[in-house]
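Colleague: no sequence for this one, just the structure:
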């Protein structure tokens, strides 16, 4: 399995990426510090995802940044993507693991204690927790859980976790303090005039927040 870092998780949105293509946005974000990229497009269909996904795989070769496909396992297989992210209304994670094998990354969305209790840690590699805030990029999302909900669910599930849902660079510290490994962003990078600079600002906030937390932990000893 390709190593993965959830610190700055970019979710590509085709509508927001009209100024810069999804490939251009992904590469600019990676140059700015994005650590993982998810291809999400609910309207493209499998063939459309495969076309964009193959372009992304070629462009991202050598960056050591994994490409994750949202929901569509057939597209993930055809692309040769590094992994798949599934929601509660998609195929079961165990089925995804059977199809993909042990060497692919599998992520799972969780938004409640009930769902967190059922996560199979032998199958799932990381969880996406949210939505933290309501967000227009996913209008059918479940109710927002806030940072208290993030802290509760990240503690319950006991897996690497990434927070998602309306997050911006100013939310880095509360995300880390809530126990998540990183934050997933859409509009904070996609559609920005300079996706590289937008990613770099978040990446710098992550470095600064972690340094402050480490300094605080050292002083507390």
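Modeller: Yes, it's here. Note that the coordinates shown come from a computational prediction; the quantities given were computed from them, not determined experimentally. Numbers count the residues shown, from 1 in each chain.
Colleague: distance of residue 180 from residue 130?
Modeller: Using C-beta to C-beta, to the nearest Å, residue 180 is found at 10 Å from residue 130. Where you see a C-beta, it was placed from the backbone N, CA and C, and this is true even at glycine.
Colleague: Common neighbours of these two, please.
Modeller: 150, 163 (C-beta atoms under 8 Å, 6 or more residues apart in numbering).
Colleague: can you map out the helices along this structure?
Modeller: For the chain, applying DSSP state H gives helices covering 22-32, 45-60, 73-79, 93-100, 113-117, 146-157, 172-177, 195-220.
Colleague: Give me the neighbour count for residue 145.
Modeller: 21 (other C-beta atoms under 10 Å).
Colleague: Contact partners for it?
Modeller: Counted by C-beta under 8 Å, 6+ apart, residue 145 has contacts 111, 129, 130, 131, 132, 153.
Colleague: which one of those has the most neighbours?
Modeller: Neighbour max across the contacts of residue 145 (other C-beta under 10 Å) = residue 129, 32 neighbours.
Colleague: Give the closest residue to residue 52 in space, chain neighbours not counted.
Modeller: Using C-beta to C-beta, 6 or more residues apart in numbering and skipping residues adjacent in sequence, the residue nearest residue 52 is residue 22, 5.8 Å away.
Colleague: Give the burial count for the closest residue to residue 151 other than its chain neighbours, as a bare number.
Modeller: Using C-beta to C-beta, 6+ apart and skipping the chain neighbours, the partner closest in space to residue 151 is residue 178 (4.1 Å). Neighbourhood size, residue 178 [other C-beta under 10 Å]: 22.
Colleague: give me every residue that touches residue 178.
Modeller: By C-beta under 8 Å, 6+ apart, the residues touching residue 178 are 147, 148, 150, 151, 154, 163.
Colleague: Tell me the pLDDT of the fourth one.
Modeller: The reference is to residue 151. Per-residue confidence (pLDDT) for residue 151: 97.
Colleague: Isn't it up against residue 175?
Modeller: No - applying C-beta atoms under 8 Å, one finds residue 151 not in contact with residue 175, separated by 9.9 Å.
Colleague: Same drill for these two, tell me which one is more crowded.
Modeller: More neighbours surround residue 175 than the other of residue 151 and residue 175, with 27 against 18 (other C-beta under 10 Å).
Colleague: Let's see which of the contacts of residue 145 end up in strands.
Modeller: Under the assignment DSSP state E, these contribute residue 129 to strands.
Colleague: would JSON lines of the contacts of residue 145 with distance to residue 123 be doable?
Modeller: Listed next are the contacts of residue 145 as JSON lines, based on distance: C-beta to C-beta, whole Å:
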{"residue": "111", "distance to residue 123": "18"}
{"residue": "129", "distance to residue 123": "17"}
{"residue": "130", "distance to residue 123": "20"}
{"residue": "131", "distance to residue 123": "23"}
{"residue": "132", "distance to residue 123": "25"}
{"residue": "153", "distance to residue 123": "18"}
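Colleague: Can you report how many residues lie near the spatially closest residue to residue 83 that is not a sequence neighbour?
Modeller: Distances taken as C-beta to C-beta, 6+ apart place residue 105 nearest to residue 83, at 2.9 Å, with adjacent residues excluded. Close neighbours of residue 105, defined as other C-beta under 10 Å, add up to 21.
Colleague: likewise the one 4 residues further on?
Modeller: Counted by other C-beta under 10 Å, the residues lying close to residue 109 total 21.
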